[in-house]
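Asks: quick check, what structure comes out for this input:
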Amino acid sequence: MKHYLTCNKTFAMVLMCAGALFLASCAEDGFDDNEQFGSDVHGVTLQSPNADGIEITPSADGKSQTITWHVVNGAGGYLVSFYDEGDLDSPIVRDSLVDGCSILLPREEDMNYLLTIQTQGNSKYNNSGATDATAYRFSTFATSYAVIPDGSDLFEYFTANPIPDSDEALYYDLVHGGHYTLNGVLDFSNHNIVLRSNSKTDLATITYGTDGSLEYCGGFSLKYLNFDCIESNKPVLAFSATPADGILDTENNNHNQITSPTSIQSCHFTGVRGMMLFDNGVKYCLKTFLMDNCTIHLQSEKMSNNSVFYIYDGGGFINDFTMNQCTVWNDGESDQKYFVRYNNSGRCDRAGYTTNSINFLHCTMYNICKEGQMCNHGGFDGRATSNYQVTDNIFVDCGSKQVPRRIIGRSNANAEIIFRNNTYWFDGAPETGNESYDNSYQLTTDPAFVDAANGNFTPTGAEQLNLRTGDPRWLP
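Replies: Coordinates of the predicted model:
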């Protein structure tokens with residue numbers, strides 16, 4: 001087998017091995033015992049494989065996919081290209097010559113792919129190659145329940161189209177590049193909802209009106225969305241003001257339990273004037289919160305509350321909180337008192353869990369709670385069941401020179417507390433005196449952002465670049 005691929009050598013070897021497996025199946029359809037194309041088709045212009053015969057088989061781990069097609073008798077191979085439809089100028093595989101009827105290609109979740117296959121000529125049989133390639137489009141997005149029309153107001157749409165009862169997650173797609181509004185408090189209650197753009201590269205935008213807010217008390221995911229929040233007087237997200245029936249846990253201190261995860265992936269929030277997440281004054285325990293590959297821009301001059309993640313008034317907390325590869329910044333006077341605040345009674349055992357955690361991983365934070373606290377959670381402090389991971393972050397002008405102290409409160413030797421490669425830079429100098437909270441290696445040099453005032457957090461500091469710390473989106 002000869003695969004001439006424009007990918008790395010390791011992947012090329014995988015392709016060669018996988019392709020060999022398919023030669024046997026192709027032999028019955030036009031290959032002879034010497035693995036050559038055999039055919040009684042002579043002196044013709046061939047056609048490219050019919051799209052109806054293309055089959056896709058994902059690998060068990062979802063990282064790759066085998067694509068097969070029906071053999072074209074008399075062909076001299078196939079020229080295959082493979083694209084992300086959101087980036088047609090940079091093929092994943094360009095003009096790979098395949099001497100068989102299958103190819104192994106990479107696979108990602110939530111992608112729209114384009115595959116082209118063009119039959120090549122065969123001089124042995126005097127056959128000319130196909131003049132056109134077969135184009136085959138397919139998606140790895142989970143099947144959507146509904147596509148919300150571009151230009152819709154989401155509050156009005158869901159009022160007119162109530163969410164059905166379902167044991168499965170319901171995927172609502174927003175048209176890629178579309179524009180939507182939210183002019184009311186939209187409560188998804190305990191439905192399991194995924195709200196997403198149907199492209200991970202051309203994101204839809206949701207513009208909040210004065211009363212715009214999303215509420216929920218069940219499984220909830222946002223993916224590939226832009227949010228313009230500058231006009232809203234409400235929290236960006238909140239737990240339902242009226243909890244759904246059946247989620248009150250009377251055996252564990254009357255928490256309203258949200259056991260399905262909250263996942264916010266590849267979303268961008270601008271003009272956040274108040275709370276990013278609020279408990280609505282109701283006692284909730286959210287088991288898992290994950291924000292991954294997101295940005296949050298806080299509009300400090302108009303902040304309407306002194307906490308960003310505020311699960312306090314009702315007496316609850318988030319059991320496991322993680323921010324991964326995110327950027328959070330404030331472009332004016334930093335007036336938040338807390339970034340994450342839980343009620344002092346909140347801790348894992350009081351809601352039926354055995355451990356709780358807070359994790360900041362590869363994040364960039366600028367001008368957040370400059371005179372306040374990064375975290376406030378008295379119930380977590382000093383307990384063996386309270387775990388923390390704070391690694392590879394850049395904190396600039398954050399947390400009143402007490403970033404690690406406030407994140408963990410008090411440490412416990414039996415807890416899993418991991419710090420590594422963090423920068424704590426404040427008013428032009430490194431934080432000092434925090435070694436009893438972060439006793440790992442700390443970067444004590446200026447990350448030297450290119451233009452923090454205008455939202456460009458590309459570091460130019462040699463140490464940060466060498467260790468590749470902070471949100472990876474800013475790294476070369």
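Asks: residue ranges of the helices in the chain, please?
Replies: 9-27, 154-160, 403-408, 462-467 (DSSP state H).
Asks: measure the residue nearest to residue 247 when sequence neighbours are not counted to residue 262 for me?
Replies: Leaving aside its sequence neighbours, residue 247 sits nearest to residue 256 (CB to CB, 6 or more residues apart in numbering; 5.0 Å). C-beta here means a position set from N, CA and C on the backbone, and glycine is covered the same way. From residue 256 across to residue 262, the span is 14 Å (CB to CB, to the nearest Å).
Asks: so what sits against both of these two?
Replies: Here residue 256 and residue 262 share no contacting residue, scored by CB atoms under 8 Å, 6 or more residues apart in numbering.
Asks: low-confidence ranges, the stretch 201-350 of the chain, go.
Replies: Counting by pLDDT under 70, the stretch 201-350 of the chain has low-confidence residues at 300-305, 334.
Asks: tell me the bridge partners for the residue most central in space within the chain.
Replies: For the chain, residue 265 is the residue whose C-alpha lies nearest the centre (CA atoms, centre = their mean; 3.0 Å). Residue 265 has these beta-bridge partners by DSSP bridges: residue 223, residue 292.
Asks: show me what contacts it?
Replies: Contacts of residue 265 by CB under 8 Å, 6+ apart are 221, 222, 223, 224, 290, 292, 293, 294.
Asks: the same query, at a cut-off of 10 Å, please.
Replies: By CB atoms under 10 Å, 6 or more residues apart in numbering, the contact list for residue 265 reads 109-110, 194, 196, 200, 221-225, 290-294, 324.
Asks: coming back round to it: how near is the residue nearest to residue 247 to residue 249?
Replies: 7 Å.
Asks: which one's more surrounded, these two?
Replies: Comparing residue 256 with residue 249 by neighbour count (other CB atoms under 10 Å), the higher total belongs to residue 256, at 22 against 16.
Asks: can you flag the weakest of the helices of the chain by average pLDDT?
Replies: The minimum mean pLDDT among the helices of the chain belongs to helix 9-27 (a mean of 40).
Asks: can you give me the strands in the stretch 1-150 of the chain?
Replies: Taking DSSP state E, counting those that start in this stretch as the test, the strands found in the stretch 1-150 of the chain are 55-58, 64-68, 78-84, 93-98, 102-106, 112-119, 134-139, 146-148.
Asks: for the first one, what is the average pLDDT?
Replies: Averaged across strand 55-58, the pLDDT comes to 96.
Asks: same deal with the last one?
Replies: Averaging the model's pLDDT scores along strand 146-148 yields 98.
Asks: cool, and stretch 131-139?
Replies: Stretch 131-139 shows an average pLDDT of 96 in the prediction.
Asks: please save the CA atoms from that stretch in CSV.
Replies: Taking Å, rounded to 0.1, in the frame of the first residue of the first chain, the C-alpha atoms of stretch 131-139 are listed here in CSV:
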residue,chain,number,x,y,z
THR,A,131,-13.2,14.4,-14.6
ASP,A,132,-15.0,15.2,-11.4
ALA,A,133,-14.6,14.2,-7.8
THR,A,134,-17.4,12.9,-5.6
ALA,A,135,-18.1,15.3,-2.8
TYR,A,136,-19.5,13.8,0.4
ARG,A,137,-20.5,15.9,3.4
PHE,A,138,-21.1,14.5,6.8
SER,A,139,-21.3,15.7,10.4
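Asks: can you give me how far that stretch is from the chain middle?
Replies: Centroid displacement of stretch 131-139 relative to its chain, using CA atoms, centre = their mean, to the nearest Å, is 28 Å.
Asks: repeat that for stretch 202-216.
Replies: 18 Å.
Asks: in that stretch, what's buried?
Replies: By 16 or more other CB atoms under 10 Å, the buried positions in stretch 202-216 come out as 203, 204, 205, 206, 207, 208, 209, 212, 213, 214, 215, 216.
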